[in-house]
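Asker: fold the following.
(chains A, B, C and D)
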Protein chains: 2
Amino acid sequence: MPKTEGGARSTVALLWGEQGQPTRGPKPSLTPARIAEAAVAVADAEGLDAVSMAKVATSFGVSGMALYRYVPGKDELVDLMVEVVLAERPDLTDAGPDWRPRITAWARAISAIYQAHPWLVKATTLRRHVTGPRQFGWMDTALAALELTGLSYAQQHQAFLLVIGHVRVTIQQSADFDADYAREWGRLTAERLDRDAERFPALTRAIAAGAFEPAGADALEFGLDRILDGVQALIERAPHD
Amino acid sequence: MPKTEGGARSTVALLWGEQGQPTRGPKPSLTPARIAEAAVAVADAEGLDAVSMAKVATSFGVSGMALYRYVPGKDELVDLMVEVVLAERPDLTDAGPDWRPRITAWARAISAIYQAHPWLVKATTLRRHVTGPRQFGWMDTALAALELTGLSYAQQHQAFLLVIGHVRVTIQQSADFDADYAREWGRLTAERLDRDAERFPALTRAIAAGAFEPAGADALEFGLDRILDGVQALIERAPHD
DNA sequence: TTAAACTGTTTATGGCTGAAGCAGAACTGT
DNA sequence: ACAGTTCTGCTTCAGCCATAAACAGTTTAA
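Answerer: As a prediction, this is how the structure comes out:
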């Protein structure tokens, strides 16, 4: 029933699961959620760029245009994919009453989801992205943990951005890594670096010391520890209660 | 002279400025660098997605296909754009002999470049991105500053990733913000959040406290201070000399 | 029973990257 | 001087993509 324009239901209503179902006409054979699930399968297997309306439609044996009866466009489909993949917010009470174990558990939980679906970074970065209820749920859980710091709300928000930003960057740096491609160009680039070693002295030393070996420590944990140490220092410096 | 395949010069040679110029045939009317500069102008004005071979070519009054005589493909053009925009590495000796002022100055300098060209984030995130000499130069400068921490090379590398990651995330979060779009959907979403306030208690409190007002403090400086406080704590905890 | 509402199709438009082939320009060695 | 070679820049084309428009068929409400 609630329509906005054309034959396309409102994106917000779509994300919050409030599509009033029609009464007349043939029974719909699909739902937005099923379409989003099929799109997620494509993205998991071949990346977000491989998600095209036509390819998703073949999962159901219908033409590409059929999907436009359920989803206003591709941007909105991507928004739906995000909500499909985001499980319900985690329960952090197991992590105890302190802010730090809680936000750490939160970061690990959402990082696991990002790791399973690396395209999430790009999907939630699109400038026309609309935030859905599950995304808000995860935000709420993180902010609840950070309220325990006693920091100001503005500082809580900044700390939240810092943590989620770190998770996203970490995933991006590991997921964009194409081993075959890196080998190919890494060899050519290494030659060039060798030839110009005195031009990049610190870099050359770091490479020689093996600092760029991918077998290094877990980037998520390292950064999280540093960031939360910094938040800790802020709490101690400026007590708010 | 040094060709790899087809008529396309090697991307690595291209980035390092080692294209041996041809002797026979008509004088080339363009150069890879000039093409990249025109592409940068398009990206600055309309975003990276608006950079198409055809559109860049119109800057020179030639057809889109003409550019393929100078650049193997679009991915390589984007790599060149990155090198064009990255100025020469900064001189950090003004910042004194300590690691912290140096890496802070470094972060501010590269953040200024990212801010002037927000598409840099996406451009250097493409999985087939090839790192050029100027990018290596900036890396080298950062690692030289972090060598002063006395941390292990692996830790220096992780700290570097943390800092550059923070700069990139900060830019992405501010640059992807489309004010008109945010107003449009923000209103609809706010209604929904109001209706479900008890479902998102911490989020509701934070919004009520004005923590989401964009007029907040500088995200770059806040995160940088937290991260470097964390690095400081690591140095104090595990002295390496 | 008729009209409205709805689904899924075909067709078409305009965008993009990039392959192939062609005309003509400018250099090389004879 | 004059081929032959090599190079530029063009046109054409194929194959993707999102999505607009028009249409045929289906189901229900009035």
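
Asker: out of everything not next to it in sequence, what's closest to A:Arg226?
Answerer: B:Gly230 (3.2 Å; Cβ to Cβ, 6 or more residues apart in numbering or on different chains). C-beta here means a position set from N, CA and C on the backbone, and glycine is covered the same way.

Asker: could you confirm A:Gly223 falls within a strand?
Answerer: No: looking at A:Gly223 with DSSP: H, G, I helix; E, B strand; the rest coil, it is helix, so not inside a strand.

Asker: so it sits against B:Gln158, correct?
Answerer: Yes: A:Gly223 is in contact with B:Gln158 according to Cβ atoms under 8 Å; the separation is 7.3 Å.

Asker: which one's more surrounded, these two?
Answerer: Neighbour totals were compared for A:Gly223 and B:Gln158, and A:Gly223 leads with 27 against 24 (other Cβ atoms under 10 Å in any protein chain shown).

Asker: now A:Glu236: how far from A:Gly150?
Answerer: For A:Glu236, the distance to A:Gly150 (Cβ to Cβ, to the nearest Å) stands at 11 Å.

Asker: ignore what I typed, I meant A:Tyr181.
Answerer: In terms of Cβ to Cβ, A:Tyr181 sits 47 Å off from A:Gly150.

Asker: cool, and A:Ala197?
Answerer: A:Ala197 sits 50 Å away from A:Gly150, going by Cβ to Cβ.

Asker: that older thread, between A:Glu236 and A:Gly150, tell me which one has more neighbours.
Answerer: Neighbours per residue, other Cβ under 10 Å: of A:Glu236 and A:Gly150, the larger number sits with A:Gly150, 14 against 8.

Asker: what is the burial count for A:Gly132?
Answerer: When neighbours are defined as other Cβ under 10 Å, A:Gly132 has 22 of them.

Asker: and it, how far is that from chain B?
Answerer: Per Cβ to the nearest Cβ, to the nearest Å, A:Gly132 is found 9 Å from chain B.

Asker: kindly report the same for A:Thr170.
Answerer: A:Thr170 sits 7 Å away from chain B, going by Cβ to the nearest Cβ.

Asker: do the same with A:Val84
Answerer: Per Cβ to the nearest Cβ, A:Val84 is found 18 Å from chain B.

Asker: quick one: the helix or strand that residue falls within near DNA strand D?
Answerer: Here A:Val84, judged by DSSP states H and E, is contained in helix A:74-85. Yes: Helix A:74-85 comes into contact with DNA strand D (Cβ under 7 Å from any atom of the strand), by way of A:Lys74, A:Asp75.

Asker: so which bits of that helix are buried?
Answerer: By neighbour count on 16 or more other Cβ atoms under 10 Å in any protein chain shown, the buried set for helix A:74-85 is A:Asp75, A:Glu76, A:Leu77, A:Val78, A:Asp79, A:Leu80, A:Met81, A:Val82, A:Glu83, A:Val84, A:Val85.

Asker: pLDDT score for the fourth one?
Answerer: You'll see A:Val78 listed with a pLDDT of 97.

Asker: what's the neighbour count on the residue in chain A that DNA strand C sits nearest to?
Answerer: In chain A, the residue that lies nearest DNA strand C is A:Gly25 (2.6 Å; Cβ to the nearest atom of the strand). Neighbour count for A:Gly25, taken as other Cβ under 10 Å: 6.

Asker: apart from its neighbours in sequence, what residue is nearest A:Arg134?
Answerer: Take A:Arg134 and drop its neighbours on the chain: the residue closest to it by Cβ to Cβ, 6+ apart is A:Leu86, 4.1 Å away.

Asker: tell me the phi and psi of that neighbour?
Answerer: phi -70, psi 110 (degrees, to the nearest 10).

Asker: residues contacting it?
Answerer: A:Leu86 makes contact with A:Ile113, A:Gly132, A:Arg134, A:Gln135, A:Gly137, A:Trp138 under the criterion Cβ atoms under 8 Å, 6 or more residues apart in numbering or on different chains.

Asker: how much space separates the third one from B:Arg24?
Answerer: By that I understand A:Arg134. Going from A:Arg134 to B:Arg24 by Cβ to Cβ gives 63 Å.

Asker: which of the two has more neighbours?
Answerer: A:Arg134 (17 against 4).

Asker: and the helix or strand where that one lies, C-alpha only, in CSV?
Answerer: Assessed by DSSP H and E, A:Arg134 sits inside helix A:133-147. This file holds the C-alpha atoms of helix A:133-147, laid out as CSV (Å, rounded to 0.1, in the frame of the first residue of the first chain):
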residue,chain,number,x,y,z
PRO,A,133,17.5,-1.1,11.5
ARG,A,134,20.1,-3.8,12.1
GLN,A,135,22.9,-1.4,11.4
PHE,A,136,21.4,0.9,13.9
GLY,A,137,21.2,-2.0,16.3
TRP,A,138,24.9,-2.6,16.1
MET,A,139,25.5,1.1,16.6
ASP,A,140,23.3,1.1,19.6
THR,A,141,25.2,-1.8,21.2
ALA,A,142,28.5,-0.2,20.7
LEU,A,143,27.4,3.2,22.1
ALA,A,144,25.9,1.4,25.1
ALA,A,145,29.3,-0.1,25.8
LEU,A,146,31.0,3.2,25.4
GLU,A,147,28.6,4.9,27.7
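
Asker: ok, then the element right after that helix?
Answerer: Next along the chain after helix A:133-147, taking DSSP H and E as the criterion, comes helix A:153-175.

Asker: one step back: got the buried residues for whatever helix or strand the residue nearest to A:Arg226 lives in?
Answerer: Assigned by DSSP H and E, B:Gly230 falls within helix B:219-237. Neighbour-count burial for helix B:219-237 flags B:219-220, B:222-224, B:226-235 (criterion: 16+ other Cβ under 10 Å).

Asker: how about stretch A:168-188?
Answerer: For stretch A:168-188, burial by neighbour count (16+ other Cβ under 10 Å) applies to A:Arg168, A:Val169, A:Thr170, A:Ile171, A:Gln172, A:Ala175, A:Asp176, A:Trp185.
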